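S.K.: Sharing a sequence plus its predicted fold:
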Amino acid sequence: MKVTDGYRVPEIITPSAGDTSFPAMVRLGNGVPVYFVGNGTVDIMRIEFVFRAGQVMEDVHLAASSANAMLTEGTMSHDAATINDLIDSTGAALSHTADKETAGLVTVTLTRKLDEVMALAAEVLFRPSFPDNEFRMLTDKRVQAFLTGRQRTSVIAREAFYESLCGAMNPYGRITSENDYRSLTTGDLRTFHEKHYRTGNMYITVAGMEPERALPFIDKHFSEKVREGWIRPEVPPLSYETAKPGTIFREITNSVQSTVRIGWKGITRNNPDYQGLQVATMILGGYFGSRLMRKIREEKGYTYGIQAVAGAFRSLGYITIMTDVANEYRDATLSEIRKEIDKLRKEEVSSEEMALVRNHLMGEIARMFDGPFSVAEAIRGVIDYEAGEDYYTRFAETVKTITPVKIKELFSTYFNIDEAFEIIAGAR
Amino acid sequence: MFILVSLPYFAFMIRFERHTLANGLRMTVHRDEGTPMATTDILYDAGARDEDPGATGFAHLFEHLMFEGTPRIPFFDVPVMMAGGENNAFTNNDITNYYITLPANNLETAFWLESDRMRGLDLHEERVNNQKSVVTEEFRQRYLNQPYGDLLLLLRPLAYRIHPYRWSAIGMDISHIERADSASARRFYDRFYTPSNAILSVAGNVDPDKVFTLAEKWFGEIPAGVKHSRSLPVEPEQDERRELTVHRPVPSAHLTMAFHTGARISRDFYVLDLLTDILAGCDSARFPSILVRKKELFSDADIYISGEADPGLVIFSGRLKDGVDIRKAEEAVTDELRRVADDRVSVAELEKARNRYESHRLMSYMNAANKAFNLAYHEVLGDAAGINTEKEQYMSVTEEEITAASQLTFRPENCSVIHYLPEKR
């Protein structure tokens, strides 16, 4: 058969999410949960140590991320230069993670270096010394990065959004100033570390080929008992002070583009509509051919990209749409966003569009569970937000069964554009 | 030196099979049974260096047009998504690369899509105009609206005078993009998007023989086109130091120093890639230790090799601490570079760099899409087997070679410098 004329289009096999089962867990003698994610064809391992030591646990602003960044800046046994040299010599990659909820370290190492790398990880996690000189240098560096962020329209718009949504006193909405960096002390970091970096406050994920091989080394170096009298800190109760809807303008002089960001309150993970809302948001602005991308990028050419996200903190959800556009397209963009939302509130999506998003999300779940390193990343959110071990299995089921009627209902219920904050960050 | 335990990891190889279709399309296939997915990676041997100096940014604009559909498949993304796949592309100075990753049982859909857009594109004026506008916003978002975003746009024309590396893939000037039309797009397509100018690399849970059969079916009848032969002007040796000072609305000063070096497949590339790891590859490397921690001149100090196909650059890039004089900072970098040219690096440093190279190499093989691209990239450099043999190039680097390459590279007259300073308030 000649393929140039009248060829047969290959039949597409409906994608499935594949194996989304939650990995096995064992506990160390001291109770630390260790999750093992197997498979893989390359003999390296990714081991992650996660503490409930994120921004929500702070008494002093920036203590969580600063304590985390200082872990490798010197320990009780080694100064900064020596500890880094020891880590680097193993060939392992060690990176810091610190977000709103958790903080910790991720290491990727050759299997044969496990013993050394686990010893070093335990040393930096449990016995950091927080030297003043290194802290001063780190502060200077972080201030520079912070000030650079002040030139970025997307950073300013994001900050204004979370402040409007959560309130300036809430850890999710707090605005950072240069002074917050300058007034922080190593004493603050020691206090934070002492309270939160404890075996009673952590879990470990191990991903790679035959990950159980790491257990003896983890056990050897992480069997530290939780100190007597230590009580696992609870997440403090959070109060939210959501601002009144309206337009907020933040000026960044001379910027050639503006960030346009709108958003409003959404729902949290325990709401039965949360997963359906993920699907709905994807239709609006979650993929390359989404409603917003087609309209605002492909049809109008206003932007390089636009996305919509339905997310949730611990006890507050939100929906947000963001894009960077030329200053002259700001108003037109906002009005097109409103029109697209309005359409989805009024008209059901076609069965073709529904199938498209369904299959795309199925493929996305399958890719999240493709390979041990990806799985280890995927399960973190499930553990941190206590979303339930069957979260992705349920999600796959939602994706498979959700209907256009339900999608329209979700838009009508949750896309209350009249409650939106409209944030514009850019030149006047 | 290396004991037996380390054998399996040194023996790690990417196995692949090769085939060339009659129309010149080169193929590699790597079977990875650890994933349910498969990736098709199509690399076109056309990048910004192949552009006309009066029409730069065209290869990248063209990459956008490749997603704009054909008379037969009006929406490229729809079948990809229906098949549970994802796709993307990038353009650099040397090549343009497209990939689709999807469940392996839908591999044929990727072949259908990629062969279709190799066979013919819908290059309506309207589509071209829309993508010109998208690319203009991309230019603004990524290069102009980012603090320090235009650094590399400034460096290229300073370091190169003749070779097309003197412009970035986004283009020399946004006005070039504005001048593009469907006729020029058509010419570019006809010239470069042919089987004989492409490499198709497949990696994932696939049977190589079946992949070759599919390729024959979908790509076999596409006319070969004229093989593009490249003859680019050779950049003359730089014979004096070049310096550019700019003022921008940024909070702190930044120093860039670029030195000309060899091509991607030259011995110097491997020697200097390893050396730059010794200098700045990790926190305990020389620059972070000396320039950042000990002398406190920089907040960060990096050096890397551009790794472009034609003779490239070794680029130092560092952000100054507040209050530091940029000439003093530059002197300190020069001192450190002189030190590697005068003295040998230590055995421990070299050993550390080798360990790091090995684990990085293995990390990059965790993912089938990465392997597909790397095979295609080595093939365009001359031989896909480079994915395995390159390791030997790195492992055999000696202290003497590092010294010799440093002496050759880090000469003042071989250097282009940018002082990127905050605007006075």
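M.R.: Okay, I see it. Numbers count the residues shown, from 1 in each chain, chains lettered A, B, ... in the order given.
S.K.: Can you classify the residue lying closest to residue B:164 once chain neighbours are set aside as helix, strand or coil?
M.R.: Taking C-beta to C-beta, 6 or more residues apart in numbering or on different chains, and ignoring the residues beside it in sequence, residue B:164 has residue B:49 as its nearest neighbour in space, at 4.1 Å. (C-beta placed from N, C-alpha, C; glycine too.) Per DSSP: H, G, I helix; E, B strand; the rest coil, the local secondary structure of residue B:49 is helix.
S.K.: Next up, the contacts around residue B:49.
M.R.: B:93-94, B:163-165, B:230, B:232, B:310 (C-beta atoms under 8 Å, 6 or more residues apart in numbering or on different chains).
S.K.: Output the below-cut-off pLDDT ranges for chain B.
M.R.: Judged by pLDDT under 70, chain B has its weakly predicted residues at B:1-11, B:425.
S.K.: Near chain A, which residues of the stretch 201-350 of chain B are found?
M.R.: Residues of the stretch 201-350 of chain B found near chain A (C-beta under 8 Å from any C-beta of the partner chain) are B:217-218, B:220-221, B:249-252, B:282-285, B:289, B:292-293, B:296, B:299-300, B:319, B:321-322, B:348.
S.K.: could you redo the last one with a cut-off of 7 Å?
M.R.: B:217-218, B:221, B:249-252, B:282-284, B:289, B:293, B:296, B:299, B:319, B:321 (C-beta under 7 Å from any C-beta of the partner chain).
S.K.: Filter these down to the buried ones.
M.R.: B:217-218, B:221, B:250-252, B:282-284, B:289, B:293, B:299, B:319, B:321 (16 or more other C-beta atoms under 10 Å in any protein chain shown).
S.K.: Report the two of the residues of the stretch 201-350 of chain B next to chain A separated the most.
M.R.: Farthest apart among these by C-beta to C-beta are B:221 and B:296. That separation is 64.8 Å.
S.K.: secondary structure element for the closest residue to chain B within the stretch 101-250 of chain A?
M.R.: Going by C-beta to the nearest C-beta, chain B is nearest to residue A:147 of the stretch 101-250 of chain A, at 3.7 Å. If you go by DSSP states H and E, residue A:147 is part of helix A:132-149.
S.K.: does any part of the next helix or strand after that helix sit near chain B?
M.R.: Where DSSP H and E defines the elements, the next helix or strand beyond helix A:132-149 is helix A:153-166. Yes - contact between helix A:153-166 and chain B is present through residue A:153 (criterion: C-beta under 7 Å from any C-beta).
S.K.: Mind giving me the packing neighbours of helix A:153-166?
M.R.: With contacts defined as 3 or more C-beta pairs under 7 Å, 6 or more residues apart in numbering or on different chains; DSSP states H and E, the packing partners of helix A:153-166 are strand A:246-251, strand A:257-265, strand A:317-326, strand A:421-426.
S.K.: Which strands or helices does the second one pack on?
M.R.: Counting contacts by 3+ C-beta pairs under 7 Å, 6+ apart, strand A:257-265 is packed against helix A:153-166, strand A:317-326, helix A:330-346, strand A:421-426.
S.K.: chain center to the last one, what's the gap?
M.R.: Think strand A:421-426. 23 Å (C-alpha atoms, centre = their mean, to the nearest Å).
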